[in-house]
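J.: Predicted structure and sequence below. I'll ask about it afterward.
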Amino acid sequence: MLNYIDLSYNKFFGEISPNWGWSRNLKSFKVSHNNIAGSIPSELANATKLEILDLSYNQLAGKIPNELGGLKLLFNLELNDNQLSGNVPTEFGFLSELALLNLAVNRLSGSVPEEFGQCSKLLYLNLSNNKLTAMVPSQIGRLHSLQDLDLSHNLFTEELPSELGYLSSLETLNLSYNQFSGYIPNTFNTMSSLTAVDVSYNMLAGPLPNSKAFRNASAKAFEHNKGLCCNAMMKKSKRKYSKMVLVSIIAPILSTLILLSVILGTFFTRSSRVRNMVEPEGAGERENCVTIRGFDGKLMYESLIQATEDFNPKYCIGRGGSGSVYKAMLPTGQVFAVKKLHEIDDDDEVANLKSFSNEIDALTEVKHRNIVKLYGFCSHAKYSFLVYEYLEGGSLAKMLASEEKAKQLDWNKRIQVVKGVANALTYMHHECFPPVIHRDISSSNILLDSEYEARVLDFGTARILNPDLSKLISFAGTFGYSAPELAYGTEANEKCDVYSYGVLALEVIMGKHPEDLLLSLSLPESIIGHRLTLKDLLDYRLPPPEDPIGEEVVFTIKLAFSCLQTKPQSRPTMNKFLKSFQLENQPHQIH
C-alpha cells in the first residue's frame, strides 16, 4: 500500500503518468527538481488522500487542473518554477487545510481569486514572477494566519487594499516590481509581526507607515516609486530647505567658515569615536562602545573591519535570526567569528544599546564546553557585532547541506552533536540563575570543532528570565524552528527552546530540515506511525545504523517527537531529556 513517494532531485524526464491518481492511499507525492515536461494530469485529483503535492522545478506546461481544488486534505502544494500558464484555479480557495501554496516563477495570468480568502490555515503564499494582473483582492486580508506573502514581479495595478493591514501574523511582505499606485494604507501601521517589507519598483506615493518593519527597511525597499516618504524625512527635508535658503543669501566667506567648522567638528568627533564601557553610569549612552577581552578595543575593531573588508559577503560563513557571521583572519594569524547584528533603528538607539549591553553582561558569565566562547562586542555608530572564537568545523547547517561532509558526520558523531546541544541547553535552563533562554536554536547556530563537538552560537536573541517578567511579545528566532506559541505573543520560557531542539534533533538524524514532517504533525491524522517508517526518518546518505548506536538513534527520534508537542507543558525539560540518554535500553516516555 503506497502512501508516500519522493522522487525529487533526480534526472527524470518524460511526463507524469495519470495512473498516479489511482494510488488511492497516496498522501505525499514529490517529484521536484527533475526535467519532467508535459502537463499536470487532472487524474491526480483522484488521489483524494493527498496531503503533500510537490511538482516544483520541472518543465511542466499548460494549465493547472481545476480538479486539484477537490483535494480536501491538501496542505502543501508546490507547483513553482515551471512553465504553467492560464489562470489560478478559483477552486484552490476551497482547500480548507492548505498551509503552503507556491505558484511562483510560471506564466500564470489573470487575477488572484477572491476565494483565497477562505484558506484560513494558509501560512505561506507565493505568487511571484508571473503575469497576474488587476487588483489584489481585499479578501486576502482575512488570512489571519498568513506569515509570508510574496506578490512581487507581476502586473498588479490600482491601490493596495487596506485589508492587507489586517494580516496580523504576517512577517514577510514583498510587493515589489508591480504597478501599484496611490498611498500605502494606514492599516499597515498595525502590522506588529511584520519584520521584512519590499514595495520597490511601483508607483506608490505619500508617507510610509510608522511600523518597525518600514523604519528598519533599507532604502532599496522603497526605491523607484512615485514619491514615497516618511514624516521624519519630510521634517528633516524642510529643515534642510530652510538652511539652504539661508545659506544662499549669506556671503561666500561665511559659507567657507561654516564648512571649516563642520570639518573640524567631524575631525574631533572621529577622534573620540571609540570609548570603553567603563564609564560613569549613564555617561556616553549614545557613544560608540567597544570591549574585547585581552585586546585593545579600538585596535581590535579596526583589525576586524579590515579582515572582513567592511563585512564583505565573501567572508560570510553563516546567518542566524539576529545577524550574519563572518570569518575574520587577522595579520597575526588569529581567527575569529564575528557576528554582525542587524541594524538598530536610530529612534531606539539608547534603549537598544542598554538592552544590548545587558545581554552581553549575561553572555560573559556563560562558560561551558558546548557554548561558543564570547570574547567581546562592539556597539559602533556604523556596526554592532559580537566577537566569538572561530571553530574550524563550521556550522552544522553547512555540514548537513554538503554531500561529502554529511557522510563524515556518521551516526556516532550525530548522536554526539545531539547530546552536546542538550548539554548546553540544560546548563542554560537549569544551572544558570536566572535561567537563560536562547530562542534561536537552529542548525545555523550550532558550530562544530575539529572533533565534531557541538557548540551553541548566537545569543543575540537570548533573554534573561526575571521571575516577574516572563512575557516576551516580540518574536525572535529562525523560521522553521520556533515554537508555535511564540507567533501569538504568549509566554516565552524554556519550553520554546525545547521545541526548537526537537526540530534540530530530527534534522540531525534526517540530514535535512523536517519541514514536511512538522506540517503533517498539525493534522488530526499525523504521519507518525501511519505513513513513515524508521527508514524514512534516516539520512539516506549514511548506511543504516547498527546496534548499539542504532538503539540510540531510535531513542533520539522518540525523544525529539516528545519535544514537538503543541502544548508547551507537555514537552520535557532539557534536564529530563538529558537524563533519559543515560538510561541504557530503557526508552521510557517522558512528560
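T.: Nice, I can see it.
J.: What sits closest to residue 204 if chain neighbours are left out?
T.: Nearest residue to residue 204 in three dimensions, chain neighbours excluded: residue 225, at 4.5 Å (CB to CB, 6 or more residues apart in numbering). C-beta: built from backbone N, CA, C; applies to glycine.
J.: Residue 500 too?
T.: residue 441 (3.8 Å).
J.: on that earlier part again, ok so the residue nearest to residue 204 is a helix residue?
T.: No. According to DSSP: H, G, I helix; E, B strand; the rest coil, residue 225 belongs to no helix; its state is coil.
J.: give the contact list for it.
T.: 199-205 (CB atoms under 8 Å, 6 or more residues apart in numbering).
J.: circling back to that earlier point, state the distance from the residue nearest to residue 500 to residue 456.
T.: 7 Å (CB to CB, to the nearest Å).
J.: Give me the more crowded residue out of these two.
T.: More crowded of residue 441 and residue 456, by other CB atoms under 10 Å: residue 441, with 28 against 24.
J.: ok, the more buried one - contacts?
T.: With CB under 8 Å, 6+ apart, residue 441 has these contacts: 421, 425, 456, 481, 497, 500-501, 504.
J.: quick one, what contacts the residue lying closest to residue 92 once chain neighbours are set aside?
T.: Spatial nearest neighbour of residue 92, chain neighbours left out: residue 69 (5.3 Å); criterion: CB to CB, 6+ apart. Counting by CB under 8 Å, 6+ apart, residue 69 touches 89-95.
J.: Are any of the residues you listed buried, and if so which?
T.: 89-93, 95 (16 or more other CB atoms under 10 Å).
J.: Taking those together, which two end up most distant?
T.: The most widely separated members of those, counting by CB to CB, are 90 and 95 (11.2 Å).
J.: Tell me if residue 43 really is in a strand.
T.: No. Counting by three-state DSSP, residue 43 falls outside a strand, being helix.
J.: Would you mind giving the secondary structure of the residue lying closest to it once chain neighbours are set aside?
T.: In space, and not counting its chain neighbours, residue 43 is closest to residue 21: 3.4 Å by CB to CB, 6+ apart. For residue 21, the assignment made with three-state DSSP gives helix.
J.: doesn't residue 45 make contact with residue 21?
T.: Yes. With contact defined as CB atoms under 8 Å, residue 21 counts as touching residue 45 (6.7 Å).
J.: Secondary structure element holding residue 14?
T.: strand 13-15 (DSSP states H and E).
J.: same question, residue 428
T.: helix 411-430.
J.: go on, residue 325?
T.: Here residue 325 is assigned to strand 323-329, by DSSP H and E.
J.: Could you list the buried residues of that strand?
T.: 323-328.
J.: what's the closest of the residues you listed to residue 305?
T.: Distances from residue 305 to these, taken by CB to CB, are shortest for residue 328, at 8.8 Å.
J.: Which residue is the nearest non-sequential neighbour of that closest one?
T.: Residue 328 sits nearest to residue 307 (CB to CB, 6+ apart), 4.0 Å away.
J.: Tell me, how many residues neighbour that neighbour?
T.: The tally of other residues near residue 307 (other CB under 10 Å) stands at 18.
J.: Low-confidence stretches in the stretch 101-250 of the chain?
T.: Across the stretch 101-250 of the chain, residues meeting the criterion (pLDDT under 70) sit at 230-250.
J.: need the strands for it, in chain order.
T.: With DSSP state E, counting those that start in this stretch, the ranges of strands along the stretch 101-250 of the chain come out as 107-110, 124-126, 131-132, 148-150, 172-174, 181-183, 196-198, 203-207, 227-229.
J.: which one of those lies closest to residue 52?
T.: Proximity to residue 52 (CB to CB) singles out strand 124-126 among the strands of the stretch 101-250 of the chain, at 13.5 Å.
J.: partners of that closest one, with directions?
T.: Paired with strand 124-126 in the same sheet, following DSSP bridges, are strand 100-102 (parallel), strand 148-150 (parallel).
J.: quick revisit: how about the buried ones among the contacts of residue 69 in JSON lines, adding pLDDT and secondary structure?
T.: Converted to JSON lines, these look like this (pLDDT from 0 to 100; DSSP: H, G, I helix; E, B strand; the rest coil):
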{"residue": "89", "pLDDT": "95", "secondary structure": "coil"}
{"residue": "90", "pLDDT": "94", "secondary structure": "helix"}
{"residue": "91", "pLDDT": "94", "secondary structure": "helix"}
{"residue": "92", "pLDDT": "94", "secondary structure": "helix"}
{"residue": "93", "pLDDT": "92", "secondary structure": "helix"}
{"residue": "95", "pLDDT": "94", "secondary structure": "coil"}
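J.: ok, so of these, who is nearest residue 151?
T.: residue 92 (15.4 Å).
J.: who touches the closest one in this structure?
T.: Contacts here follow CB under 8 Å, 6+ apart; on that basis residue 92 touches 68-69, 77, 98, 101, 113, 115-116, 119.
J.: Quickly name whichever of those residues is closest to residue 341.
T.: residue 101 (33.4 Å).
J.: which ones are touching the closest one?
T.: Residue 101 neighbours (CB under 8 Å, 6+ apart): 77, 92, 95, 119, 122, 124-126.
J.: want to throw the residues you listed into a markdown table with distance to residue 436?
T.: Formatted as a markdown table, the contacts of residue 101 follow (distance: CB to CB, whole Å):
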| residue | distance to residue 436 |
| --- | --- |
| 77 | 40 |
| 92 | 44 |
| 95 | 42 |
| 119 | 39 |
| 122 | 35 |
| 124 | 31 |
| 125 | 36 |
| 126 | 36 |
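J.: Just the buried ones from those residues?
T.: Here, 16+ other CB under 10 Å leaves 77, 92, 95, 119, 122, 124-126 buried among the contacts of residue 101.
J.: Out of those residues, which comes closest to residue 149?
T.: residue 125 (5.4 Å).
J.: what's the distance between that closest one and residue 164?
T.: On the measure of CB to CB, residue 125 and residue 164 end up 12 Å apart.
J.: do residue 17 as well
T.: 41 Å.
J.: Then residue 562?
T.: From residue 562 to residue 164 the distance is 39 Å (CB to CB).
J.: Out of the strands paired with strand 124-126, flag the one nearest residue 170.
T.: Nearest to residue 170, of those and by CB to CB, is strand 148-150 at 6.1 Å.
J.: Centre of the chain to that closest one, how far?
T.: Relative to its chain's centre, strand 148-150 lies at 13 Å (CA atoms, centre = their mean, to the nearest Å).
J.: What part of the chain, helix or strand, is modelled with the least confidence?
T.: strand 274-275 (a mean of 34; mean pLDDT, DSSP states H and E).
J.: what stretches of the protein score poorly on pLDDT?
T.: 230-298, 319-322, 342-366, 379-381, 458-479, 487-492, 522-532, 582-591.
J.: 50 instead?
T.: By pLDDT under 50, the low-scoring segments of the chain are 231-260, 262-287, 294, 345-351, 460-461, 463-475, 526-529, 584-591.
J.: hmm, back to that, now render the contacts of residue 69 as TSV, adding distance to residue 570.
T.: Listed next are the contacts of residue 69 as TSV, based on distance: CB to CB, whole Å:
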residue	distance to residue 570
89	39
90	40
91	37
92	34
93	34
94	33
95	29
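J.: Can you get me a residue count around the residue nearest to residue 569 when sequence neighbours are not counted?
T.: Distances taken as CB to CB, 6+ apart place residue 495 nearest to residue 569, at 7.3 Å, with adjacent residues excluded. Neighbour count for residue 495, taken as other CB under 10 Å: 23.
J.: what's the angle from the host helix or strand of residue 495 to helix 411-430?
T.: Using DSSP H and E, residue 495 sits in helix 494-510. On the basis of axes from the mean of the first three to the mean of the last three CA atoms, to 10 degrees, helix 494-510 is oriented at 180 degrees to helix 411-430.
J.: list the helices and strands helix 494-510 packs on?
T.: With contacts taken as 3 or more CB pairs under 8 Å, 6 or more residues apart in numbering; DSSP states H and E, helix 494-510 sits against helix 396-401, helix 411-430, strand 436-437, helix 515-521, helix 549-562, helix 574-581.
J.: Next, the buried residues of the longest one.
T.: Which is helix 411-430. 411, 413-429.
J.: Before I go, just wanted to say thanks for your time.
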